[in-house]
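# Sequence first, predicted coordinates after that:
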Amino acid sequence: MNISLRRGERIFINGAVIRVDRKVCLELMNDVTFLLENHVMQQQDASTPLKRLYFAIQATLIAPNDCEAALDLCRDLLGSLRTASRHPGISSGLSLTTGYVNEGRMFEALKSVRALFPLEQALPGESLASREHA
């Protein structure tokens, strides 16, 4: 797999943070867990239930050797969100995400949750956030 990075960009590979000082193309020759900087959510941006779930899943990729607490949080959030959600698209996406998490396919889980952000944002009035705490 080839990944192109611009000067100053970071990539997280198997828990290591790598920043490049010039434009570079990396060729990953074996199976690694990686996350590109533009997919990394900062903690202060995890302001909705689905974004908190994304942040928990992300933590398992950024620190794979120390991810048990993040994995437990991820499973707890998935359980409460699946119970709270009445939106069929979100419910379906959370089921898919649960499967990915249970299989250890965390990158796919991230993609699945990220795809739900527009649905969560479009929820009228009583949002997923208010249902989660009900």
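Sure, I can see it.
# Counting neighbours, what do you get for Leu123?
Using other C-beta atoms under 10 Å, Leu123 has 17 neighbouring residues. Using the backbone N, CA and C atoms, a C-beta is placed for each residue, glycine as well.
# secondary structure element for the nearest residue to Val40 once chain neighbours are set aside?
Nearest residue to Val40 in three dimensions, chain neighbours excluded: Gln58, at 6.5 Å (C-beta to C-beta, 6 or more residues apart in numbering). Element membership for Gln58, per DSSP states H and E: helix 49-62.
# Show residues contacting that helix.
Outside helix 49-62, the residues that touch it by C-beta atoms under 8 Å, 6 or more residues apart in numbering are 12, 15, 33-35, 39-41, 43, 45-46, 67, 70-71, 73-74, 77-78, 81, 84, 90, 97, 101, 106-107, 109-110, 113-114, 116-117, 120, 128-129, 132.
# Buried members of those residues into ChimeraX, please.
Remark: buried members of the contacts of helix 49-62, expressed as a ChimeraX selection using 16 or more other C-beta atoms under 10 Å:
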select :12,34,35,40,41,46,67,70,71,73,74,77,78,81,84,90,97,101,106,107,109,110,113,114,116,120,128,129,132
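# Inside strands: which ones of the contacts of helix 49-62?
Judged by DSSP state E, the contacts of helix 49-62 include 12, 34-35 as members of strands.
# quick check: domain ranges of the protein?
As recorded under automatic domain parsing, the domains making up the chain are 2-38, 41-132.
# got the end-to-end distance for the shortest one?
So the one you mean is domain 2-38. Terminal residues of domain 2-38 lie 17 Å apart, using C-alpha to C-alpha, to the nearest Å.
# just stretch 2-13 next, same as before
Taking C-alpha to C-alpha, stretch 2-13 runs 13 Å from one end to the other.
# and that stretch, which residues are buried?
Result for stretch 2-13 [16+ other C-beta under 10 Å]: buried residues 5, 9, 11-12.
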